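1. could you look at this predicted model? Sequence included:
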Amino acid sequence: MEGNFSNRVRDVISYSREEAVRLGHDYIGTEHLLLGIIREGDGIAVKILRNLGCDLLELKESVEDTVRSTGDAASVGNIPLTKQAEKVLKITYLEAKLYKSDVIGTEHLLLSLLRDDENIAAQILQQGFSITYDAVRNELDSIISGKTSSSSSSSSGGGGSGGRLSSGYGQESSESEQSKTPVLDNFGRDLTELAEEDELDPIVGREEEIERVAQVLSRRKKNNPVLIGEPGVGKTAIAEGLAMRIVERKVSRVL
């Protein structure tokens, strides 16, 4: 199913699993996919939500308050998707096809969540934040045609793309033009920048792993640490913890 997913959507799915584990759930539902979109933080879906006046932190807290489990944390084994979540991921293909896109982006995932208004994520977005399928689609159309202020100010020929939309379109492409690391921006997030903006959650219980990664990175040779493990075991948390240490200047001068 993941063949046509952009790297950002793959990250969202991975994050949604981690969010399910964090909340003590033994399933991945539409609410976890929405949390994954928020946590990914850089996709077109997030740009649309912000353009529509949505406070992402407030949205995150609303989702957590709605679905938080009172039980113990879920195991990090194989966590299945709910039928609604599976349906949403399948609908992303249709949404991408409507925009003549060969790649499924976060914007298509957001539209898919809202197309079926019976799932939890759609209900939270619609009832709590007045964000509807039509509103998201209209905003996406505006982004594609270059009508938003951010698109028109950052690109002299932004309207020439017509109806096509790829994983590097919109916010991602405009940011890449201004970035010092445009190639890297297509494959990942600047965790240090996110840490500076206080957008990362506190990391607990990973001090030893974070310290070890910092030590390896500080070597002159053989300085490429590799984090290995099943999805949801906390690999991203270690990287985020290191980013926060760098911002707090709690690492060697080399870093």
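-> Nice, thanks for sending it over. Numbering: from 1, shown residues only.
2. just give the closest residue to Gly241, not the sequence neighbours.
-> Excluding the flanking residues, the one nearest Gly241 by CB to CB, 6 or more residues apart in numbering is Ile203, at 3.8 Å. To be clear about C-beta, it is placed using only N, CA and C from the backbone, and glycine gets the same treatment.
3. measure the one you found to Leu113 for me?
-> Distance, Ile203 to Leu113, using CB to CB, to the nearest Å: 28 Å.
4. so these two - more neighbours on which side?
-> Taking other CB atoms under 10 Å, Ile203 and Leu113 do not tie; Leu113 has more neighbours (29 against 20).
5. coming back round to it: identify the residues contacting the residue nearest to Gly241.
-> 210, 237-238, 240-241, 244 (CB atoms under 8 Å, 6 or more residues apart in numbering).
6. show me where the stretch 151-255 of the chain has its helices.
-> 171-178, 182-185, 191-196, 207-217, 235-247 (DSSP state H, counting those that start in this stretch).
7. remind me what the longest one packs against, helices and strands.
-> Judged by 3 or more CB pairs under 8 Å, 6 or more residues apart in numbering; DSSP states H and E, the packing partners of helix 235-247 are helix 7-22, helix 191-196, helix 207-217.
8. which stretches in the stretch 1-150 of the chain count as helices?
-> 7-22, 30-40, 44-51, 56-67, 83-98, 106-115, 120-123, 129, 133-144, 149-154.
9. to Val216, which of these lies closest?
-> helix 7-22 (23.0 Å; CB to CB).
10. so for that closest one, what's the average pLDDT?
-> The average pLDDT for helix 7-22 rounds to 87.
11. what's the answer for stretch 238-248, then?
-> Taken as a whole, stretch 238-248 has an average pLDDT of 89.
12. returning to that earlier point: could you dump the helices of the stretch 1-150 of the chain to JSON lines with distance to Leu194?
-> Shown next, in JSON lines, are these (distance: least, CB to CB, whole Å):
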{"stretch": "helix 7-22", "distance to Leu194": "13"}
{"stretch": "helix 30-40", "distance to Leu194": "10"}
{"stretch": "helix 44-51", "distance to Leu194": "12"}
{"stretch": "helix 56-67", "distance to Leu194": "12"}
{"stretch": "helix 83-98", "distance to Leu194": "25"}
{"stretch": "helix 106-115", "distance to Leu194": "16"}
{"stretch": "helix 120-123", "distance to Leu194": "23"}
{"stretch": "helix 129", "distance to Leu194": "23"}
{"stretch": "helix 133-144", "distance to Leu194": "22"}
{"stretch": "helix 149-154", "distance to Leu194": "19"}
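13. quick one: closest of these to Glu197.
-> Taking the helices of the stretch 1-150 of the chain one by one with CB to CB, helix 56-67 is closest: 11.8 Å.
14. buried residues of the closest one, list them for me.
-> Across helix 56-67, burial judged by 16 or more other CB atoms under 10 Å covers 59-60, 62-63, 67.
15. report the distance from that helix to the chain centre.
-> Offset of helix 56-67 from its chain centre (CA atoms, centre = their mean, to the nearest Å): 15 Å.
16. show me what it is packed up against.
-> helix 30-40, helix 44-51, helix 120-123.
17. try it again with 10 Å
-> helix 7-22, helix 30-40, helix 44-51, helix 120-123, helix 129 (3 or more CB pairs under 10 Å, 6 or more residues apart in numbering; DSSP states H and E).
18. my guess is Glu107 meets Val12, correct?
-> No. The criterion here is CB atoms under 10 Å, and Glu107 misses it with Val12 at 11.4 Å.
19. hang on, the earlier thing: which one of the helices and strands packed on helix 235-247 is the most hemmed in?
-> Per residue and on average, the most neighbours among the helices and strands packed on helix 235-247 fall to helix 7-22, with a mean of 23 (mean count of other CB atoms under 10 Å).
20. rewinding a little: to Gly128, which of the helices of the stretch 151-255 of the chain lies closest?
-> Of those, nearest to Gly128 by CB to CB is helix 171-178, at 23.8 Å.
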